[in-house]
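Visitor: sequence and predicted structure below; questions after.
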Amino acid sequence: MPDDGKVTLNRRTIFSALAIGGVGALGVGGFLATENRIGPHRLTARAIIDRFQNTAGVFPGFRRNHAKGLAIEGYFESNGTGTELSRASVFEPGRYPVRGRFSLSGGNPHVADDSSVVRGLALRIDLPNSEQWRLATINLPVFLDPTPQDFYDRMLAFAADPATGKPDADRKSHYLATHPRTAAAMAITKTEPVAPTFASSTFRGLNAFEFTDTTGRTIPVRWTLIPETTATPAPGRGPDYLFDQLKMDIRAAPCRWALTIVVGVPGTDRTDDATVAWPDSRRTVTVGTLVLTGIATATADSVRETNFDPLVLPDGIAPSDDPLLAARSAAYAESFRRRSGEGDGRGAIEAGGAA
């Protein structure tokens, strides 16, 4: 998927300008996908976002997925170790400002918190020379779908029946029987205990990417944010208990995660299928620490206008051949396009903190 030489720089420049302005897409290709001109079986970003809306309803001004959330700020402290793996400026020793957002999956920003719902942590790391690194991570060990079409189909198969409020059991069973990779991925997710709080959750960027060092050597990687914060959940469970706890944790002391890079073996580890876990024996390198220090309305206002497109990358980091990456980029852009004309999406958690 990545290009090299002058072509990479030109596409990166065009893409970054679009994405930072809130219209992220995988260059021209991602934009065309939103217009129903490319993509397997004519699957488009518009169709994906329509499916989110059909499943959860429409809440004007909010993201179509991970609608309920809380904006945060802090910094990434790079220890310099990552320069061995990539020439990206983020790995040079130093401290880089971070703005981001914790969230729960789903399109309803007013739904009650549920520990079984997938948690997200999206980050925007601001770097020298106007570069950014945007990360979209979740608290699962693997993704549940190998392709955009599978993701789209699963949303329908697992959608709640209006009559019961629950997915149809026969429809789910049939889907899993005919999609063994999703069934296997779900089995893997059940083996990992769910952390009691956001601050004690492990977050992963499940798609593979490529790092390129100063010599031009390229390696496949994935990354994980490993919590250094002890879980101390308060008693009581109101409708926003996970976010209430998060506010208390961050206000009590900075919350910290070690950013660990998992180095894949070229030609051996799958880079095109996020349902497949890489072996535990793979080399890992801790490249720095994410430190989240506060919650602020000004940060929320900025984050509301941020499209956490995982393909906004600094030089030295590039997408792999995972087909989900282009689909996510285009779908995030379509979600932004819709919500940006609907209002500010305030009020799900606190003024300025939801969108």
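Guide: That came through fine. Everything numeric in this text was worked out from a predicted model, so none of it was measured.
Visitor: how about the strands in the stretch 101-250 of the chain?
Guide: 119-126, 132-138, 203-212, 218-227 (DSSP state E, counting those that start in this stretch).
Visitor: Serialize the ones you listed to JSON lines and add fields for distance to residue 106, mean neighbour count and mean pLDDT.
Guide: In short, each C-beta sits where N, CA and C put it, glycine included. Output for the strands of the stretch 101-250 of the chain, formatted as JSON lines (distance: least, C-beta to C-beta, whole Å; neighbours: other C-beta atoms under 10 Å; pLDDT from 0 to 100):
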{"stretch": "strand 119-126", "distance to residue 106": "10", "mean neighbour count": "23", "mean pLDDT": "97"}
{"stretch": "strand 132-138", "distance to residue 106": "12", "mean neighbour count": "21", "mean pLDDT": "97"}
{"stretch": "strand 203-212", "distance to residue 106": "17", "mean neighbour count": "23", "mean pLDDT": "97"}
{"stretch": "strand 218-227", "distance to residue 106": "21", "mean neighbour count": "20", "mean pLDDT": "98"}
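Visitor: mind checking pLDDT for residue 92?
Guide: Model confidence at residue 92, expressed as pLDDT, equals 98.
Visitor: residue contacts, residue 124?
Guide: Residues in contact with residue 124 (C-beta atoms under 8 Å, 6 or more residues apart in numbering) are 98, 99, 100, 132, 133, 134, 303, 306, 308.
Visitor: and the second one, what are its bridge partners?
Guide: Each beta-bridge partner of residue 99 is listed here, defined by DSSP bridges: residue 73, residue 124.
Visitor: still on that earlier bit, ok, of the contacts of residue 124, which one's closest to residue 253?
Guide: In terms of C-beta to C-beta, no member of the contacts of residue 124 lies closer to residue 253 than residue 98, at 16.7 Å.
Visitor: where does residue 162 land on pLDDT?
Guide: What the model reports for residue 162 is a pLDDT of 83.
Visitor: please apply the same query to residue 291.
Guide: Reading off the per-residue confidence, residue 291 sits at a pLDDT of 98.
Visitor: which elements pack onto whatever helix or strand it lives in?
Guide: With elements taken from DSSP states H and E, the one containing residue 291 is strand 284-294. Contact partners of strand 284-294 among helices and strands, from 3 or more C-beta pairs under 8 Å, 6 or more residues apart in numbering; DSSP states H and E: strand 68-78, strand 94-104, helix 241-252, strand 255-263.
Visitor: name whatever forms a beta bridge with the most centrally placed residue in the chain.
Guide: In the chain, the residue lying closest to the centroid (C-alpha atoms, centre = their mean) is residue 136, at 2.1 Å. According to DSSP bridges, residue 122 are recorded as the beta-bridge partners of residue 136.
Visitor: contacting residues for it?
Guide: When contacts are counted by C-beta under 8 Å, 6+ apart, residue 136 touches 120, 122, 205, 308, 309, 310, 328.
Visitor: distance of the nearest residue to residue 115 once chain neighbours are set aside from residue 242?
Guide: Distances taken as C-beta to C-beta, 6 or more residues apart in numbering put residue 194 closest to residue 115, at 5.6 Å, once the chain neighbours are dropped. With the distance defined as C-beta to C-beta, to the nearest Å, residue 194 ends up 11 Å from residue 242.
Visitor: tell me, what's touching these two both at once?
Guide: residue 115.
Visitor: about what we covered before: name the helices or strands packed onto the very next helix or strand once past the strand holding residue 291?
Guide: On the C-terminal side of strand 284-294, the nearest following helix or strand under DSSP H and E is helix 297-304. Applying 3+ C-beta pairs under 8 Å, 6+ apart, we find helix 297-304 packed against strand 68-78, strand 94-104.
Visitor: how far away from the center of its chain is helix 297-304?
Guide: Here helix 297-304 is found 18 Å from its chain centre; the criterion is C-alpha atoms, centre = their mean, to the nearest Å.
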